[in-house]
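Q: Predicted coordinates and the sequence they were generated for:
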Amino acid sequence: MKPVRTWILIANAKTARIVENDGPGKGLFQPSGLARQAAQETSHADQPGRSFSSSGSVRSKMEPHQKALIPRDGFAGELVEDLALNHQRGQFDRLIICAAPAMLAHVRDLMPDAIQSQVIAEVPKDLTHVPTDKLAPHLENYLAI
């Protein structure tokens, strides 16, 4: 019997990787070549500006506008395209998405129905900083590792 391959997409606005599970008791591993980083699009113009204080000539850095904290569709779109290509190639049977909440929403909005039907769980957490060998406790409610 062919093992059921579950891919876990772990992403935030800047980085993403795929972790795989080939069935109960098989653990998690990271297939080679399936990690990505968003292209550096930040220019000096994208940085928050500076403002003079109301008294004196002291300048302070302004807080970024809230929209700047939302991931760009470009990186989420690239991830969804990669998933679609790998799904067509039969690289995975099921999908779990673990992503920062804003990124999860972007990925969900861009995902075609063919891949959405393979999603067995969505975890609204940024787990990009968690090493692969420490992910099991975060996924035990969704997957028999």
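A: Yes, it's here.
Q: Okay, now the unreliable bits of the protein?
A: Using pLDDT under 70 as the threshold, the predicted model of the chain has low-confidence ranges 33-36, 38-73.
Q: which one's the longest helix in it?
A: When the chain is scanned for its longest helix (criterion: DSSP state H), the result is helix 73-88.
Q: Show me what it is packed against.
A: strand 6-11, strand 35-37, helix 101-110, helix 113-116 (3 or more Cβ pairs under 8 Å, 6 or more residues apart in numbering; DSSP states H and E). All C-beta atoms are positioned from the backbone trio N, CA, C, and that covers glycine.
Q: which of those sits most buried?
A: For the helices and strands packed on helix 73-88, the largest average neighbour count (mean count of other Cβ atoms under 10 Å) is found in strand 6-11, namely a mean of 25.
Q: what lines up beside that strand in the sheet?
A: strand 15-21 (antiparallel), strand 94-99 (parallel) (DSSP bridges).
Q: what residues does it touch?
A: Contacting residues not belonging to strand 6-11 are listed as 16-22, 28, 79, 83, 86, 91-100, 103, 107, 120, 127-128, 130, 135, 139, 143 [Cβ atoms under 8 Å, 6 or more residues apart in numbering].
Q: same thing with stretch 104-121?
A: 6, 9, 11, 70-71, 73, 76-77, 79-80, 83-84, 87, 92-97, 99, 122, 124, 142-143.
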